[in-house]
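Undergrad: Fold the following and give me the result.
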Amino acid sequence: MTNSTIDESPDATTRQRSSGTAGTPHRVVIVGGGAGGLELATALGNKMVKSGKVSVVLVDRSSTHIWKPLLHEVAAGSMDANTHQLEYAAQARWHRFVFQQGELKGIDRNRKLITIGSLADDDGIELLPQRELAYDTLILAIGSITNFFNVPGAAEHAIAVDTLSQAEHFRRRMIGLCMRAEHAIDMHADQAHPTLDIAIIGAGATGVELSAELRNTAEVLGAYGLHQLDPVRDIRITVIEAGPRILSGLPEAISIKTTALLNKLGIAVLTDAKVSEVQEKAVLLANGKSIPADLTVWAAGIRAPQILGELGLPVNRLGQIIVQQSLQTEIDPDIFAFGDCAACPWPEKNSTIPPRAQAAHQQASFLLDALQKRLAGQALPTFVYRDLGSLVSLGRFDAVGNLMGPLIGSTLFIEGILARMLYISLYRMHLVALHGLVRTVADTLGHWLQRKTSPRVKLH
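TA: Predicted coordinates:
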């Protein structure tokens, strides 16, 4: 990897880049097929590839896409991931871009090449060799990974739900432990009756939403005869938060309301509870308390992937790539970054834009316009983040949130059916960006009909 000296002339950030041959398409490479990356690749393919002036390649280490905010539902079994996954290769075929599967290994900025690692199957047999891919404009959108904050035992004994495989692993473990608990396998001699203890570390949106979904799953699994445990008394769920309240990034009114709802569901909420160690069957707190845990979930934070710090690009203390408000990196105008992996200024808050799905969606829309202007030799616009509020779903039990924006004038607290409908609409907006309105309506109807003839949770 080389940090080359860049052209700092006034028009260096706006002039059209070409591949060096007249008539050759401008090569746009997007690394990361999350919500923002896939939406951008799809939009570019729809609007710019047909002209022959642009080619688009999407790179991701996985072969399928699923909207990350859905993973807690997959983990709880209330959503079958098989019906909501999208094959990257199919999306690429439908929307005129190219998909390359593999993991980013490095960038050569002098030669304008990225290195993609080899791909192997489950048996370790190589399917694709390590490759180099040329770009004229490179866009990094590789998201984030779990941050265990070096807590002893956390990586070994806690399960994260940041990927589809992790969510599926948690669901299988939970069902298995419910069945074992019913038959008193591993039951302690001093226990009056079998129990299953689930500890969720971290009370952000993921931890809170997962806790409510798990309560629903416990009830449904019992109804289908997979266990005879009392879903509230015997399956005990504890949410552990180091801060003074849950959902710290949201208004306090939402935190108070959600805490009351969780308590009503029989979910214990511990605040000001810093985790000092995660053991196989317990979570130890800094105050000396021990929380029993047959199954532990880690939802306490995220960090940037390690590879970002190895690319020769400026990063912040969290490992995110530092970008300007044009979403270009500080030292190379040919490289953009957005979403969770980027630290983009938020001047109104004297901070950086938070890692939310709505931010990635807005940035993808911005980059579509910015790239069109860039190839036309026009000045790049400035990205302005619009915080539209936040919503938290408690599954079939309730939903709460706040709406923000110029039409509202101030923060508006919502709950109940309206909040639930708006929460669902966020996913539908993502689908519209990928498939268009007609196909999204058909897809929604199909899933609704399927759920009428399927269990409320995945039972295997």
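Undergrad: what stretches of the chain score poorly on pLDDT?
TA: Applying pLDDT under 70 to the chain flags residues 1-23, 182-193, 221-228, 396-398, 401-413, 415-416, 447-448, 450-460.
Undergrad: 50 instead?
TA: 1-20, 406-409, 459 (pLDDT under 50).
Undergrad: Got the domain ranges for it?
TA: Under the assignment automatic domain parsing, the domains of the chain span 26-144+304-375, 154-298, 389-452.
Undergrad: Output those domains as TSV; include the columns distance to Phe383.
TA: In short, each C-beta sits where N, CA and C put it, glycine included. Shown next, in TSV, are the domains of the chain (distance: least, C-beta to C-beta, whole Å):
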stretch	distance to Phe383
domain 26-144+304-375	5
domain 154-298	21
domain 389-452	17
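Undergrad: Including distance to Thr382 and mean neighbour count, could those domains go into CSV?
TA: Formatted as CSV, the domains of the chain follow (distance: least, C-beta to C-beta, whole Å; neighbours: other C-beta atoms under 10 Å):
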stretch, distance to Thr382, mean neighbour count
domain 26-144+304-375, 5, 19
domain 154-298, 25, 18
domain 389-452, 18, 16
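Undergrad: by contact count, what packs against the helix or strand where Arg428 lies?
TA: Taking DSSP states H and E as the definition, one finds Arg428 inside helix 416-435. Packed against helix 416-435, as judged by 3 or more C-beta pairs under 8 Å, 6 or more residues apart in numbering; DSSP states H and E, are the following elements: helix 35-44, helix 357-375, strand 389-393, strand 399-403, helix 437-452.
Undergrad: Tell me which of these lies nearest to Phe97.
TA: Nearest to Phe97 among those is helix 35-44 (5.0 Å), distances taken as C-beta to C-beta.
Undergrad: What does the spatially most central residue of the chain show for phi and psi?
TA: Note on the chain: the residue nearest the mean C-alpha position is Lys68, at 3.6 Å, using C-alpha atoms, centre = their mean. Lys68 adopts backbone torsions of phi -60, psi -40, taken as degrees, to the nearest 10.
Undergrad: likewise Arg303?
TA: phi -150, psi 170.
Undergrad: Adjust the sequence numbering to begin at 332 for everything that follows.
TA: Fine by me, first position is 332 from now on; the one you just mentioned is Arg634.
Undergrad: got the contact list for it?
TA: Arg634 makes contact with Ser475, Ile476, Thr477, Asn478, Leu649, Gly650, according to C-beta atoms under 8 Å, 6 or more residues apart in numbering.
Undergrad: Quick check: closest non-adjacent residue to the last one.
TA: Distances taken as C-beta to C-beta, 6 or more residues apart in numbering place Ala635 nearest to Gly650, at 3.4 Å, with adjacent residues excluded.
Undergrad: Quick check, that neighbour in contact with Ile653.
TA: No - counting by C-beta atoms under 8 Å, Ala635 does not reach Ile653; the two are 11.0 Å apart.
Undergrad: in this protein, which spans are helices?
TA: Along the chain, counting by DSSP state H, helices occupy 366-375, 402-407, 419-425, 485-488, 495-513, 536-554, 583-595, 688-706, 747-766, 768-783.
Undergrad: okay but Ser475 is in contact with Gly632, surely?
TA: No - look at Ser475 against Gly632 with C-beta under 8 Å: they stay out of range, at 9.3 Å.
Undergrad: I'd say Leu417 and Ser394 touch.
TA: No - applying C-beta under 8 Å as the test, Leu417 and Ser394 come out as separate, 10.1 Å apart.
Undergrad: how far away is the nearest residue to Ala764 once chain neighbours are set aside from Lys399?
TA: Distances taken as C-beta to C-beta, 6+ apart place Glu370 nearest to Ala764, at 4.5 Å, with adjacent residues excluded. Glu370 is 13 Å from Lys399, where distance means C-beta to C-beta, to the nearest Å.
Undergrad: Looking at the contacts of Arg634, spot the one nearest Thr627.
TA: Thr627 has its nearest neighbour among the contacts of Arg634 in Thr477, at 12.8 Å by C-beta to C-beta.
Undergrad: quick one, strands of the stretch 432-581 of the chain?
TA: Counting by DSSP state E, counting those that start in this stretch, the stretch 432-581 of the chain has strands at residues 435-439, 444-447, 450-451, 457-459, 462-465, 468-471, 476-477, 490-491, 527-532, 566-571.
Undergrad: Go through those strands and name the closest to Leu768.
TA: Comparing these by their distance to Leu768 (C-beta to C-beta), the top pick is strand 468-471, with 25.8 Å.
Undergrad: Need the contact partners of that closest one.
TA: Outside strand 468-471, the residues within contact range by C-beta under 8 Å, 6+ apart are 348, 357-363, 368, 371, 435, 438, 443, 445, 639, 652, 665-669, 672-673, 698, 702, 705.
Undergrad: Which among the domains of the chain is found nearest to Pro712?
TA: Closest approach to Pro712 among the domains of the chain (C-beta to C-beta): domain 357-475+635-706, 5.9 Å.
Undergrad: Just the endpoints, please. Distance across that closest one?
TA: Distance across domain 357-475+635-706, first residue to last, is 8 Å (C-alpha to C-alpha, to the nearest Å).
Undergrad: List the contacts of Gln655.
TA: Neighbouring residues of Gln655 by C-beta under 8 Å, 6+ apart: Glu661, Pro676.
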